[in-house]
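> Just the structure for this:
(one chain, ligands or ions: 1)
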Amino acid sequence: MAFYIYENWQAGPRRTMIHTGSCGYCKNGEGKDGEYDPNHAKWHGPFKLISEAYLFVAAIKDSTENKECSRCIKVITNTFNGSHDKYGKFLLDKVVGNDFKSKGKTVKVNYNAGSPARIDGTIKNLIAVEVESRTSKQVRGAVLDLILHKYPKKLLVLLPVHMNNPMITAKQCEFAFSKFVDDSNYMVIILKGDGSNPMINEDLLILEKAIKKLSNEC
Ligand SMILES: [Zn+2]
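Next up is the predicted model:
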């Protein structure tokens with residue numbers, strides 16, 4: 001995904017707006033037909049990350065107002081509808097595509113009585129994944145499900161929504177993993193965004209790095 005900035009100084013103060021390249025108002029920095037006067041406006045970009053676009057905006061002198069396009073950027077945000085679960089699964093799907101499974105046999109954890117527990121997903125036949133936004137006590141329960149899941153690698157993704165201190169929760173989970181799983185076989189990561197406040201670009205990078213490391217691809 002690419003991001004562009006529309007800078008406009010037609011009337012009054014200098015204003016900027018961030019768009020995605022595919023937005024109808026942006027058209028990869030060409031703008032909507034007939035609505036773009038180069039004497040009073042300019043497109044900047046592409047930027048690979050939305051964070052890079054924000055940095056660029058911050059460096060524009062006299063820029064007094066920055067907005068995100070309500071048509072393209074908000075659409076991404078609304079997709080999750082505040083669901084942290086949807087957000088986590090969206091990110092996983094973007095990073096590993098069809099290799100991510102969130103349904104079926106592979107997500108089951110056998111506790112040898114009653115119906116099996118379920119984790120949030122698996123990657124290839126290798127990594128068991130839980131995406132957690134709940135309280136520390138509940139997150140530690142997710143660690144047990146991951147430990148007991150048959151796949152050798154364990155990935156715990158934390159969205160710091162209901163945790164008082166996500167860093168401490170992460171450390172507790174790492175400690176628990178270290179008692180049962182080899183160091184190279186588990187990872188606990190903390191994302192920056194969540195379903196109500198997505199930070200897609202930042203979180204995709206964090207997730208991608210973790211999955212590569214767990215798969216021994218770097
Ligand atoms: Zn737009």
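> all strands for this structure, in order.
Assigned by DSSP state E, the chain shows strands spanning 3-8, 14-20, 41-47, 63-68, 100-101, 108-109, 117-118, 121-123, 127-132, 153-158, 186-190.
> List the strands paired with the fourth one, with their directions.
Using DSSP bridges, strand 63-68 pairs in its sheet with strand 14-20 (parallel).
> Next, the angle from the strand it pairs with to strand 3-8.
Using axes from the mean of the first three to the mean of the last three Cα atoms, to 10 degrees, the direction of strand 14-20 lies 150 degrees away from that of strand 3-8.
> which non-adjacent residue is nearest Lys48?
Ala2 (6.7 Å; Cβ to Cβ, 6 or more residues apart in numbering). Yep, even glycine has a C-beta here, placed from its N, CA and C like the rest.
> Enumerate the residues of the protein near the ion.
His19, Cys23, Tyr25, Cys69, Arg71, Cys72 (Cβ under 5 Å from the ion).
> For the residues you listed, give me a markdown table that also has neighbour count.
Below are the residues of the chain next to the ion laid out as a markdown table (neighbours: other Cβ atoms under 10 Å):
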| residue | neighbour count |
| --- | --- |
| His19 | 26 |
| Cys23 | 19 |
| Tyr25 | 16 |
| Cys69 | 19 |
| Arg71 | 13 |
| Cys72 | 19 |
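> Which positions within stretch 159-174 qualify as buried?
Across stretch 159-174, burial judged by 16 or more other Cβ atoms under 10 Å covers Leu159, Pro160, Val161, Met163, Pro166, Thr169, Ala170, Gln172, Cys173.
> What are the contacting residues of that stretch?
With contacts defined as Cβ atoms under 8 Å, 6 or more residues apart in numbering, stretch 159-174 is touched by 84, 87-88, 131-136, 139-140, 143, 156, 158, 186, 188-191, 193-195.
> Send me that stretch as PDB with only the CA atoms.
Below are the C-alpha coordinates for stretch 159-174, written out as PDB (Å, rounded to 0.1, in the frame of the first residue of the first chain):
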ATOM      1  CA  LEU A 159      -2.700  -5.800  21.800                       C
ATOM      2  CA  PRO A 160      -2.300  -3.500  24.800                       C
ATOM      3  CA  VAL A 161      -6.100  -2.900  25.300                       C
ATOM      4  CA  HIS A 162      -7.000  -4.300  28.700                       C
ATOM      5  CA  MET A 163      -3.600  -4.900  30.200                       C
ATOM      6  CA  ASN A 164      -2.400  -2.500  32.800                       C
ATOM      7  CA  ASN A 165       1.100  -2.900  31.800                       C
ATOM      8  CA  PRO A 166       1.700  -4.800  28.500                       C
ATOM      9  CA  MET A 167       5.500  -4.900  29.000                       C
ATOM     10  CA  ILE A 168       5.100  -6.700  32.300                       C
ATOM     11  CA  THR A 169       2.400  -9.100  30.900                       C
ATOM     12  CA  ALA A 170       4.800  -9.800  28.000                       C
ATOM     13  CA  LYS A 171       7.700 -10.500  30.400                       C
ATOM     14  CA  GLN A 172       5.500 -12.900  32.500                       C
ATOM     15  CA  CYS A 173       4.500 -14.800  29.400                       C
ATOM     16  CA  GLU A 174       8.100 -15.100  28.200                       C
END
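> can you give me how far it is from the chain middle?
17 Å (Cα atoms, centre = their mean, to the nearest Å).
> what does stretch 45-59 give?
Per Cα atoms, centre = their mean, the displacement of stretch 45-59 from the mean C-alpha position of its chain is 18 Å.
> Thanks a lot, catch you later.
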